[in-house]
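Undergrad: After the sequence you'll find the predicted model.
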Amino acid sequence: MAELDGKVIIITGGASGIGKQAALQLSAKGASLVIADYNLDGANAVAAELEAAGGKAAAFKVDVSKGEEVKALVDFAVEKFGTLNGIFNNAGIGLVKPFLEMDPESYHRVIDVDQHSVYYGMYYGAKKMVELGATGTIVNTASIYGTAAAMGSFNYNAAKAAVVMMSKSGALELAEYGIRVVGVAPGFINTPILGNDEAMKSALGAQHMRGQLIQPEKVASVVTFLFSDGASAINGQTIPVDDGFLS
Ligand code: NAI
């Protein structure tokens, strides 16, 4: 029997990058997954890939910045697989602008997608788990930029710093229900969110101790560990996966 057999986990942003790699690794450990993303075609493709490999997966279109859609996602997971044991609140965007051009729309969009989405996932996910009497784990994707300031990233810095604290605060509140809340803080990961400017990507990778971008599989393997029993004594913490950036 695989380690996560019978466990039902939602992955937001599961169509691409870190979320997709986490889906592949969690599925290989036996978890049943809902691949939730704004990009439904991408989510369908990941779910099909998992099923073709013998896993259990379903796709769901969601805009994580909208609470009612995240609530519907949680309901869908339970309808589809019968319970809920975890949610990986991972979907996110960047919108880089100098502070003096950080108009309210640019600020709020990133706060809505990167921060409020995590609240929605934690709130509706945990409520459902408690209602079902199910235990499990919530993993939130923060960033090194939840700790370190970056030029042009006032909105993203604010959102990801909030995510770090939400994992701590949520862990404190939900421990009595058998729900752990933890986070990952990726460094510069080689995914589509970084765009296509190869010179800029090399410059980002050069800031790591090993001088190169990190592959999304490396974040996914930490996320997969955090969902496992081996991580049962890790709670409230956000684990850097940054090749020494924050050291
Ligand atoms: P990605 O762009 O490959 O994946 C992000 C996924 O989120 C995409 O599939 C996209 O369709 C989905 N998404 C975006 N907005 C959404 C919305 N409103 N509703 C539902 N889905 C939505 O990027 P990556 O790198 O895999 O990003 C995953 C997380 O990792 C994000 O939270 C990001 O901020 C974080 N992160 C990424 C880093 C990097 O260097 N790639 C560094 C630190 C954190």
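TA: It's in. Numbering: from 1, shown residues only.
Undergrad: what's residue 98 in contact with, if anything?
TA: Applying C-beta atoms under 8 Å, 6 or more residues apart in numbering to residue 98 gives the contacts 151, 152. C-beta coordinates here come from the backbone N, C-alpha and C atoms, glycine included.
Undergrad: er, residue 201 actually
TA: Applying C-beta under 8 Å, 6+ apart as the definition, the contact partners of residue 201 turn out to be 188, 190, 194, 195, 213.
Undergrad: residue ranges of the helices in the chain, please?
TA: Ranges of helices in the chain, per DSSP state H, are 17-28, 40-52, 67-81, 104-110, 117-132, 154-174, 198-205, 216-226.
Undergrad: can you list the weak-confidence ranges in the protein?
TA: The chain contains no residues with pLDDT under 70.
Undergrad: Contact residues of it facing the ligand?
TA: For the chain, the residues in contact with the ligand (C-beta under 6 Å from any ligand atom) are 12-13, 15-19, 37-39, 42, 62-65, 90-93, 113-114, 141, 143, 186, 188-189, 191-194, 216.
Undergrad: run the last query once more with 5 Å
TA: Remark: the part of the chain in contact with the ligand comprises 13, 15-18, 37-39, 63-65, 91-93, 113, 141, 143, 186, 188-189, 191-193, using C-beta under 5 Å from any ligand atom.
Undergrad: Could you point out the longest strand of this protein?
TA: In the chain, ranked by residue count with DSSP state E as the criterion, the top strand is strand 179-186.
Undergrad: For the residue lying farthest from the centre of the chain, give its distance to residue 149.
TA: Distance to the chain centre peaks in the chain at residue 100, reaching 29.5 Å (criterion: C-alpha atoms, centre = their mean). As judged by C-beta to C-beta, to the nearest Å, residue 100 and residue 149 stand 16 Å apart.
Undergrad: Next, the contact list for residue 18, please.
TA: Residues touching residue 18, when contacts are defined by C-beta under 8 Å, 6+ apart, comprise 90, 141, 186, 189, 191, 216, 219, 220, 223.
Undergrad: got a list of what the closest residue in space to the last one that isn't next to it in sequence touches?
TA: Taking C-beta to C-beta, 6 or more residues apart in numbering, and ignoring the residues beside it in sequence, residue 223 has residue 22 as its nearest neighbour in space, at 4.7 Å. With contact taken as C-beta under 8 Å, 6+ apart, residue 22 is in contact with 11, 14, 88, 90, 219, 220, 223, 224.
Undergrad: could you redo the last one with a cut-off of 10 Å?
TA: The contact partners of residue 22, taken as C-beta atoms under 10 Å, 6 or more residues apart in numbering, are 9, 11, 13-14, 31, 33, 88, 90, 139, 141, 184, 216-217, 219-224, 226-227.
Undergrad: Repeat that for residue 55.
TA: 2, 23-24, 26-33, 47, 49.
Undergrad: Quick one: those as JSON lines, columns for neighbour count too.
TA: As requested, the contacts of residue 55 are arranged in JSON lines below (neighbours: other C-beta atoms under 10 Å):
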{"residue": "2", "neighbour count": "12"}
{"residue": "23", "neighbour count": "30"}
{"residue": "24", "neighbour count": "18"}
{"residue": "26", "neighbour count": "28"}
{"residue": "27", "neighbour count": "27"}
{"residue": "28", "neighbour count": "16"}
{"residue": "29", "neighbour count": "15"}
{"residue": "30", "neighbour count": "16"}
{"residue": "31", "neighbour count": "28"}
{"residue": "32", "neighbour count": "23"}
{"residue": "33", "neighbour count": "29"}
{"residue": "47", "neighbour count": "23"}
{"residue": "49", "neighbour count": "16"}
